[in-house]
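J.: Fold the stuff below for me.
(4 chains)
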2 protein chains.
Amino acid sequence: MLPMEHESAEVVPFPGRSGDAERYNAPVAARIVIIEDEKDIVELVRYNLRKEGLEVLGFGRGREGLDYIRRNPVDLVLLDVLLPDLDGFEICRAVRADDRTRSLPVVFLTAKGAEIDRVVGLEIGADDYVVKPFSPRELVARVKAVLRRKLPAEAVREVAEGGEVRLDASTREVTVRGKLVDLSALEFRLLHYLVSHPRRIFSRDRLLDVVWGRDRFVTPRTVDVHIRRLRAKIEVDPDNPLYLQTVRGSGYRFLPQPDAAD
Amino acid sequence: MLPMEHESAEVVPFPGRSGDAERYNAPVAARIVIIEDEKDIVELVRYNLRKEGLEVLGFGRGREGLDYIRRNPVDLVLLDVLLPDLDGFEICRAVRADDRTRSLPVVFLTAKGAEIDRVVGLEIGADDYVVKPFSPRELVARVKAVLRRKLPAEAVREVAEGGEVRLDASTREVTVRGKLVDLSALEFRLLHYLVSHPRRIFSRDRLLDVVWGRDRFVTPRTVDVHIRRLRAKIEVDPDNPLYLQTVRGSGYRFLPQPDAAD
DNA sequence: TCGCATCGTTCGGATTCCGAAACCCAGGAG
DNA sequence: CTCCTGGGTTTCGGAATCCGAACGATGCGA
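T.: Okay, the predicted model is just below:
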């Protein structure tokens, strides 16, 4: 459910438990959740972090944000201290109490003075804090610093490669047979996941789990559609897919193609 | 509202399910217990989960449900929070306290709100929760996700090998004497089962049980047909089968062939 | 606010897969 | 030699599954 904790075994028995899938790190540089009730601040943060290639998701209420964090892969949380329902401290405690989110980086947005002690003091277990009003630069700097500190622990391949297909998560660039291809965020995640587990078969349900997230509920058929769209973009002949193969009755898989000389 | 149908008092060890035969790439096939006093909800859940090939057993009272769980093999429990006698929290605690059921996945059906915090993470140790009113699709998705996370722990060995026949469950690739062979999902399961129990003889009925599933009603002769199809694909001379042998009056078996030098 | 891109759903049609039945063949018992 | 039993083979209809396309919803940026 999040980037850290146990190292994934090299040989994964099943596309299951062994953490790999759970923790599948979104091929964006990172996913940030901000829980903050002032819309303006959310927008400000979103705008600035997005410029850095970070995906930002905002929640106005503590409960909803906490729910999301628990059920989806997230790389960092920005927490306002004062919220209408659950306050930031409580959320942070809850995050720390749950195995699945224990090591999730938490950064507080705090108004001032006295709170700071509680935040930084081990009491809560926050990773950093930013004092409001903050400068965008400072925010970005701190967030990135925390990410640098935490993420590398897990050797996440930023670049996935298979045959002539190459995806770079940090820039979100995709190259197929040397050509740059334009993918949507979802398409990128889906392809990235498949490419980083070549030859392995994934059921639609599983793909929905790891690519869409645990609290999206869409028809398994949706996967078909996106596979189709991907084929249209990366296959030589979309009618006879080589990379993205259907395994009838089981799901889909990515099959690296030997570099064809032409 | 009582244990409906499925009185099969099958003798299976305990929490872990009989393990052996089940799931290769097969649909989940698991036993779900739901403890919930609203009959409509039970029906809704039953209907939807059954569509996914899951067995559902409903109880209207906490005590009865808990009793059942303790004495029978179950793969997942759905718990209503509010029940006439024991409430969901108590049941969950009891489940967690018992060695035999400690690792049994628990999913709560909860009416929004503050309950959620108690349910997830800390205190209780539930695996997931669904907020009422829930969409059938969400329910199904969550249940299956939890199952996927838990069950594979004792998955079938990925690779089965016998003589020159090699099957990899993760990629569903089959190699016979070095050549890739294309099998349908069912053929794969059948062959995989036979190969992973070399030399052992299985009756048609047994194979139907294990490969097709306990609740499929299929003529034993169907096995013949599939054995034949397999022979056509993997035998050197389908008329004189070496790998897939008939044992007259008993059934079939897989016989690994000594690597023939060529 | 409008427009564009992305995403999810649905439905008809094509394809593959599976199950059952019918028939054939081989071997053994009497 | 004939009957009888159990396995093998073929065929066919229906079911499951997947694909393609079109449509509608949503959200984001200009």
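
J.: From now on I want contacts and neighbour counts done on CA atoms only, so please keep to that.
T.: Noted.

J.: OK, contacts around residue A:250?
T.: A:201, A:202, A:203, B:25, B:185 (C-alpha atoms under 8 Å, 6 or more residues apart in numbering or on different chains).

J.: try residue A:45
T.: Going by C-alpha under 8 Å, 6+ apart, residue A:45 touches A:136, A:139.

J.: Now it: which helix or strand?
T.: helix A:39-51 (DSSP states H and E).

J.: And for residue A:93?
T.: Element membership for residue A:93 (DSSP H and E) is helix A:88-97.

J.: Helix or strand next in line after that helix, which one?
T.: Next helix or strand after helix A:88-97 toward the C-terminus (DSSP H and E): strand A:106-110.

J.: partners of that following strand, with directions?
T.: Applying DSSP bridges, strand A:106-110 is found paired with strand A:76-80 (parallel), strand A:128-131 (parallel).

J.: now the angle from it to helix A:88-97?
T.: Computed by axes from the mean of the first three to the mean of the last three C-alpha atoms, to 10 degrees, the angle separating strand A:106-110 from helix A:88-97 equals 180 degrees.

J.: Averaged pLDDT, strand A:106-110. What do you get?
T.: Across strand A:106-110, pLDDT averages out at 89.

J.: contacting residues around the closest residue to residue A:35 other than its chain neighbours?
T.: In space, and not counting its chain neighbours, residue A:35 is closest to residue A:59: 4.7 Å by C-alpha to C-alpha, 6 or more residues apart in numbering or on different chains. By C-alpha under 8 Å, 6+ apart, residue A:59 lies in contact with A:33, A:34, A:35, A:36, A:37, A:65.

J.: Surely the fourth one touches residue A:44?
T.: No: judged on C-alpha atoms under 8 Å, residue A:36 makes no contact with residue A:44 at a distance of 11.4 Å.

J.: can you give me the strands in the stretch 151-262 of chain A?
T.: Ranges of strands within the stretch 151-262 of chain A are A:159-162, A:165-168, A:173-176, A:179-181, A:244-247, A:251-254, based on DSSP state E, counting those that start in this stretch.

J.: which other helices and strands contact the second one?
T.: Secondary-structure packing of strand A:165-168 (3 or more C-alpha pairs under 8 Å, 6 or more residues apart in numbering or on different chains; DSSP states H and E): strand A:159-162, strand A:173-176.

J.: any residues touching that strand, and which ones?
T.: If you take C-alpha under 8 Å, 6+ apart as the criterion, strand A:165-168 is touched by A:27, A:158, A:159, A:160, A:161, A:173, A:174, A:175, A:176, A:177, A:192, A:256.

J.: Sort out which of the contacts of residue A:59 are buried, if you could.
T.: A:33, A:34, A:35, A:36, A:37, A:65 (16 or more other C-alpha atoms under 10 Å in any protein chain shown).

J.: now those in JSON lines, with secondary structure and distance to DNA strand D?
T.: Converted to JSON lines, the buried ones among the contacts of residue A:59 look like this (DSSP: H, G, I helix; E, B strand; the rest coil; distance: C-alpha to the nearest atom of the strand, whole Å):
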{"residue": "A:33", "secondary structure": "strand", "distance to DNA strand D": "13"}
{"residue": "A:34", "secondary structure": "strand", "distance to DNA strand D": "13"}
{"residue": "A:35", "secondary structure": "strand", "distance to DNA strand D": "15"}
{"residue": "A:36", "secondary structure": "coil", "distance to DNA strand D": "16"}
{"residue": "A:37", "secondary structure": "coil", "distance to DNA strand D": "16"}
{"residue": "A:65", "secondary structure": "helix", "distance to DNA strand D": "15"}
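
J.: Could you work out the most separated pair of the residues you listed?
T.: Spanning the widest gap among those are A:33 and A:37, at 12.8 Å by C-alpha to C-alpha.

J.: Name the nearest of the buried ones among the contacts of residue A:59 relative to DNA strand C.
T.: Ranked by distance to DNA strand C (C-alpha to the nearest atom of the strand), those are led by residue A:33 at 17.9 Å.

J.: ok, now which ones touch the closest one?
T.: A:56, A:57, A:58, A:59, A:65, A:69, A:74, A:76, A:77, A:78.

J.: That one and residue A:49, how far apart?
T.: Remark: distance between residue A:33 and residue A:49 (C-alpha to C-alpha, to the nearest Å) = 11 Å.

J.: Which neighbours do these two have in common?
T.: Common neighbours of residue A:33 and residue A:49, counting by C-alpha under 8 Å, 6+ apart, are residue A:56.

J.: Show me which residues of chain A sit near DNA strand C.
T.: Taking C-alpha under 7 Å from any atom of the strand as the contact definition, chain A meets DNA strand C at A:182-187, A:212, A:216-222, A:225, A:248.

J.: quick revisit: list the buried residues of the helix holding residue A:45.
T.: A:41, A:42, A:45, A:46, A:48, A:49.

J.: For chain A, name the helix or strand with the lowest mean pLDDT.
T.: None of the helices or strands of chain A scores lower by mean pLDDT, DSSP states H and E than helix A:113-120, at a mean of 63.

J.: what ranges of the stretch 151-262 of chain A fall below the confidence cut-off?
T.: A:151-157, A:259-262 (pLDDT under 70).

J.: And the helices in it?
T.: A:185-195, A:204-207, A:221-234 (DSSP state H, counting those that start in this stretch).

J.: so what's residue A:241 closest to, chain neighbours aside?
T.: residue A:235 is the one closest to residue A:241 (C-alpha to C-alpha, 6+ apart), at 6.0 Å.

J.: picking up where we left off before, as a markdown table, the buried ones among the contacts of residue A:59 with pLDDT would be great.
T.: Below are the buried ones among the contacts of residue A:59 laid out as a markdown table (pLDDT from 0 to 100):
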| residue | pLDDT |
| --- | --- |
| A:33 | 92 |
| A:34 | 93 |
| A:35 | 92 |
| A:36 | 90 |
| A:37 | 88 |
| A:65 | 87 |
